[in-house]
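**Q** give me coordinates for this.
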Amino acid sequence: MNLTTLGFSTYFEEQMTGFKQEAKLANCVPARVTLEHKHSYRVLAEEGEWLATIAGHYAYTSLAREDYPAVGDWVLVEKMPGEEKAIIHKLFTRKSVFSRKAAGGEVQEQIVASNVDIVLLVMSLNADFNIRRLERYLVAAWDSGAKPIIVLTKADLCEDVSSKIREVESVAFGVDIFVTSALSGEGLEDIRVLFTEGVTGALLGSSGAGKSTLTNAISGEELMKVSGIREDDAKGRHTTTHRELVLLPGGGCLIDTPGMRELQLWESDSLSSSFKDIEELSTACHYRDCTHKKEPHCAVQQAITDGVLEQSRLQSYFKLQRELAFIERKANAQAKLNEQRKSKQIAKGKKGKKSN
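**A** Numbers count the residues shown, from 1 in each chain. Below is the predicted model:
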């Protein structure tokens, strides 16, 4: 196993140079997190694959979920002598991260996949086809720092693929769209060639979209269990129950993720990237601060009247705006709380040193 195959680029090599200057890290090597389970990890390094846990100092200085490793992360580990186990001492700065708001009332970031080059947004062409959901995924994908790609699966179950593609094109500006069928093999080779050596991709989509089937097709092996869809509503059953990074025959890496019924957005600066049509129309509004609701001479509302823009797309835009504004307010409050905790830890540490 070599680090290049795993995706260890110059971005991480530069960080490694800085780590080498710390004497306590002299025996550490870089490794990639392939699996996570309640702060226990499986990591892959040039020397082999090990189970790993967080070092005590690392845990002490970590305050939020995003401070801990996630699948796809690069970490600096020290192998324990005579054991197939390692200790994680450092987390490399991420080059990209696909996040969502964690489930529950507290506002916390949940990292779905990190250090990916391409994000494959998987949506089936059966009754579970949902443009509004795709808009939400696109916002998060653009914000991740990775390149979004749309993969439409189960083409054999759709009577009018062309019309579905047109719908997707109307909301996915500048995004490549691939149509696939695991049954016939259509489009699968086009996906495979994306994964050259060192390239990491993540599969994201709702339950039953065909992610695990796609993983198996891309890898040429039965890496993931596959379940059918429910006949009563065409919605999928959960197949993948955990995030996992797998190596592909061509040298790339692929992260398969559990299906998400709902993707709650995290902080985002990329709403305009996903709604370029509305953003461009708004430049022709009479008022610079037009809300596109009741103001006169609103170009966005005029586009709806003319049939150029769908009312449902504008409503989706408003909904995501409100959601992101709420998350930002809550996240800012949480960040202040974390800073207070960190200051108390530093003060406590200094006091302890003086007493010694």
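
**Q** shouldn't Gly72 be in contact with Val246?
**A** No - the criterion here is C-beta atoms under 8 Å, and Gly72 misses it with Val246 at 11.4 Å. The way it works is simple: take the backbone N, C-alpha and C, and place the C-beta from them, glycine included.

**Q** which one of the two is surrounded by more residues?
**A** Gly72 (26 against 17; other C-beta atoms under 10 Å).

**Q** and the strands in this protein?
**A** 29-37, 40-45, 48-54, 74-79, 85-91, 97-101, 109-114, 118-124, 147-153, 176-179, 200-205, 244-247, 253-256 (DSSP state E).

**Q** and these as a markdown table, adding distance to Leu271 and mean pLDDT?
**A** Putting the strands of the chain into a markdown table (distance: least, C-beta to C-beta, whole Å; pLDDT from 0 to 100) gives the following:
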| stretch | distance to Leu271 | mean pLDDT |
| --- | --- | --- |
| strand 29-37 | 29 | 94 |
| strand 40-45 | 33 | 95 |
| strand 48-54 | 35 | 95 |
| strand 74-79 | 29 | 96 |
| strand 85-91 | 28 | 95 |
| strand 97-101 | 15 | 79 |
| strand 109-114 | 18 | 84 |
| strand 118-124 | 16 | 93 |
| strand 147-153 | 14 | 94 |
| strand 176-179 | 21 | 96 |
| strand 200-205 | 18 | 91 |
| strand 244-247 | 29 | 90 |
| strand 253-256 | 25 | 90 |
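
**Q** chain neighbours aside, what residue packs nearest to the residue nearest the centre of the chain?
**A** With distances taken as C-alpha atoms, centre = their mean, the chain has Phe98 as the residue nearest its mean C-alpha position (2.5 Å). Leaving aside its chain neighbours, Phe98 sits nearest to Ser144 (4.1 Å; criterion: C-beta to C-beta, 6 or more residues apart in numbering).

**Q** which residues does the one you found contact?
**A** Shown in contact with Ser144 (C-beta atoms under 8 Å, 6 or more residues apart in numbering): 96-99, 116, 119.

**Q** tell me the one of these nearest Gly220?
**A** Taking C-beta to C-beta as the measure, Gly220 sits nearest to Val116 out of the contacts of Ser144, at 20.9 Å.

**Q** Ala141 is in contact with the closest one, correct?
**A** No - at 9.9 Å, Val116 does not count as touching Ala141 under the criterion of C-beta under 8 Å.

**Q** who has more neighbours out of those two?
**A** Between Val116 and Ala141, counting by other C-beta under 10 Å, Val116 is the more crowded of the two (31 against 28).

**Q** one step back: which one of the strands of the chain lies nearest to Val308?
**A** Among the strands of the chain, strand 176-179 comes nearest to Val308, with 21.5 Å by C-beta to C-beta.
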